[in-house]
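> Got a predicted structure plus its sequence, pasted below:
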Amino acid sequence: MDVSRRGFLALGAASGVAVAASAAEDKLTDGGFAPVSRPGDPERKAPLVPAGARSFAAFDRACVGCQLCVAACPNHVLVPSSDPKRFLRPEMRFSHGYCRVDCNRCGEVCPAGAILPLKPAEKVNVHVGHAIWHKDRCLAATEGVECHACERHCPVQAIVRVSLDKKDPKAPLVPLVDTSRCIGCGACENLCPARPLPAMTLKGFAVHRVVTKMGDEDVLAEAKRLLSTKAALVLVKDGVIISYGKGRGVKPLLERLETRPEDLKDAWLIDKVIGRAAAAIALKGGVKRVHALMIAEGAVTLLQEKGVHVSFDEKVPMILNRDKTGSCPMEAAVKDLTDVDKMVEAVVKKAAELAAAAEANAGSAK
């Protein structure tokens, strides 16, 4: 086989990394006693490349396959590709470790500009992909095991555990990934105890997403873009969109209060429609600022009385139901209430009633 000098050196470096990894695997134990297997490498439609690479295409154009980043990676995340089209160019795998937010050794040693050096404060804003939960592999879902490895080790709090079945108080808690917050570090995939393949796997972005602080005008413009395409509400903290929710009515906001109340605390809530019911949920969650595309007069009064800064595109006397024949059911549920806690209780009760009615109608239709 005719191998150039560069190819020969790269092949030697790759072999050295493989030998080191193999030796490390042979010694893998739990506290020096019980043998532990590493998580398998799931198949990915596209490889993941590290923060600082900007995009898969830019990285592939600039990378010379020198293996310096592979050798320098302290967590053994970067490995040489075995794909003939990308032979020896590095890609991220998480069977041996995960990409730590405070590390950018790959960017520091890259001689070709394929990976730019980033400071930790910059790197935490770069999203190279996001995690995906696989129910059929998760020990909590399949065996009822109490496991919170992914939630506990996520460096950006993008994972919370929620009930697998809200109607069953004994249902196990399983992971829920906030893909708008996940940076794709691979901690959840690496530390998931499921075998042979982990229950959390990473999907890479072709173009990395950089989430940085924005001014109020830019935040509002981006939030409105999300509201017009795929979101029902947007939550902002310190000039950064931290998450958004999908759904209709107050359901997305109520789910956020029940599953991720920390997202609401001291946040700026930007929502399509806010009535008194939604305002009560926002107050219960500790929201400090609200902007609505449409807001009810009563909601403005309720929020302002509690010291919340309110802005809006349109103010209306009340939020109507879908048929425009009367008040929205949630608004009717809180009509005579002023205490925030009681208002939220009424909303939760009404939501349960509506869900039960919808389920009954679906059953009778069959």
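Cool, got the structure.
> quick one, longest strand in the chain?
strand 200-210 (DSSP state E).
> Can you show me the CA trace of it as CSV?
Extracted C-alpha coordinates of strand 200-210, given in CSV (Å, rounded to 0.1, in the frame of the first residue of the first chain):
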residue,chain,number,x,y,z
MET,A,200,-29.2,8.5,25.9
THR,A,201,-27.5,9.2,22.6
LEU,A,202,-26.2,12.3,20.9
LYS,A,203,-27.4,13.7,17.6
GLY,A,204,-25.0,16.1,16.0
PHE,A,205,-25.8,19.4,14.2
ALA,A,206,-24.4,19.9,10.7
VAL,A,207,-23.9,23.6,11.7
HIS,A,208,-23.1,24.3,15.4
ARG,A,209,-25.5,26.7,17.1
VAL,A,210,-24.0,29.5,19.1
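> List the buried residues in it.
For strand 200-210, a neighbour-count test (16 or more other Cβ atoms under 10 Å) marks 200, 201, 202, 203, 204, 205, 208 as buried. The C-beta positions use only the backbone N, C-alpha and C, and glycine is treated the same way.
> likewise stretch 85-103?
86, 88-101, 103.
> what is the mean pLDDT for the helix or strand hosting residue 174?
Using DSSP states H and E, residue 174 sits in strand 173-177. Throughout strand 173-177, pLDDT has a mean value of 95.
> got it, and stretch 304-323?
Averaged over stretch 304-323, pLDDT sits at 94.
> Domain map for this structure?
Listed by automatic domain parsing, the domain ranges of the chain are 24-208, 213-359.
> still on that earlier bit, from the buried residues of stretch 85-103, which two are the most distant?
88 and 101 (27.0 Å; Cβ to Cβ).
> Bridge partners for residue 327, pull those for me.
residue 320 (DSSP bridges).
> any idea how far residue 193 is from it?
Relative to residue 193, residue 327 is positioned 50 Å away (Cβ to Cβ, to the nearest Å).
> same check, this time on residue 157
20 Å.
> Pull the contacting residues for residue 226.
Applying Cβ atoms under 8 Å, 6 or more residues apart in numbering to residue 226 gives the contacts 234, 241, 244.
> ugh, typo on my part, it should be residue 329
Each residue near residue 329 by Cβ under 8 Å, 6+ apart is listed here: 321, 350, 354.
> switch to 10 Å and redo it
The contact partners of residue 329, taken as Cβ atoms under 10 Å, 6 or more residues apart in numbering, are 249, 250, 277, 321, 322, 347, 350, 351, 353, 354.
> Could you name the helices and strands sitting against the helix or strand that contains residue 258?
For residue 258, the host element (DSSP H and E) is helix 251-259. Secondary-structure packing of helix 251-259 (3 or more Cβ pairs under 10 Å, 6 or more residues apart in numbering; DSSP states H and E): strand 159-163, strand 233-237, strand 240-245, helix 261-264, strand 268-274, helix 276-285, helix 340-365.
> can you put the ones you listed in TSV and add distance to residue 39 and mean neighbour count?
TSV is the format used below for these (distance: least, Cβ to Cβ, whole Å; neighbours: other Cβ atoms under 10 Å):
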stretch	distance to residue 39	mean neighbour count
strand 159-163	16	18
strand 233-237	32	23
strand 240-245	27	19
helix 261-264	28	18
strand 268-274	38	25
helix 276-285	36	27
helix 340-365	37	14
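> Mind putting these into a markdown table with mean pLDDT?
A markdown table is the format used below for the helices and strands packed on helix 251-259 (pLDDT from 0 to 100):
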| stretch | mean pLDDT |
| --- | --- |
| strand 159-163 | 93 |
| strand 233-237 | 91 |
| strand 240-245 | 81 |
| helix 261-264 | 89 |
| strand 268-274 | 96 |
| helix 276-285 | 97 |
| helix 340-365 | 86 |
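> separation between residue 236 and residue 101?
From residue 236 to residue 101 the distance is 21 Å (Cβ to Cβ).
> And for residue 352?
40 Å.
> cool, residue 211 as well?
According to Cβ to Cβ, residue 211 and residue 101 sit 13 Å apart.
> who touches both of those two?
Contact criterion Cβ under 10 Å, 6+ apart; residues shared by residue 211 and residue 101: 124, 126, 183.
> from the residues you listed, which is closest to residue 311?
When those are compared against residue 311 (criterion: Cβ to Cβ), the nearest one is residue 124, at 29.1 Å.
> per-residue pLDDT, that closest one?
87.
> Can you get me a residue count around residue 294?
16 (other Cβ atoms under 10 Å).
> strands paired with the host helix or strand of it, and their directions?
Following DSSP H and E, the helix or strand that holds residue 294 is strand 289-296. Paired with strand 289-296 in the same sheet, following DSSP bridges, are strand 268-274 (parallel), strand 309-312 (parallel), strand 315-316 (parallel).
> What number of residues are in the vicinity of residue 44?
15.
> Okay, strands next: where are they in the stretch 1-150 of the chain?
29-30, 34-35, 78-80, 90-92, 126-133 (DSSP state E, counting those that start in this stretch).
> ranking these by burial, who's on top?
When the strands of the stretch 1-150 of the chain are scored by mean count of other Cβ atoms under 10 Å, the highest mean neighbour count falls to strand 90-92 (a mean of 26).
> Figure out how far stretch 243-259 is from the centre of its chain.
Computed by Cα atoms, centre = their mean, to the nearest Å, the separation of stretch 243-259 from the middle of its chain amounts to 15 Å.
> got the buried residues for it?
Within stretch 243-259, the residues scored as buried using 16+ other Cβ under 10 Å are 243, 244, 245, 249, 250, 251, 252, 253, 254, 255, 256, 257.
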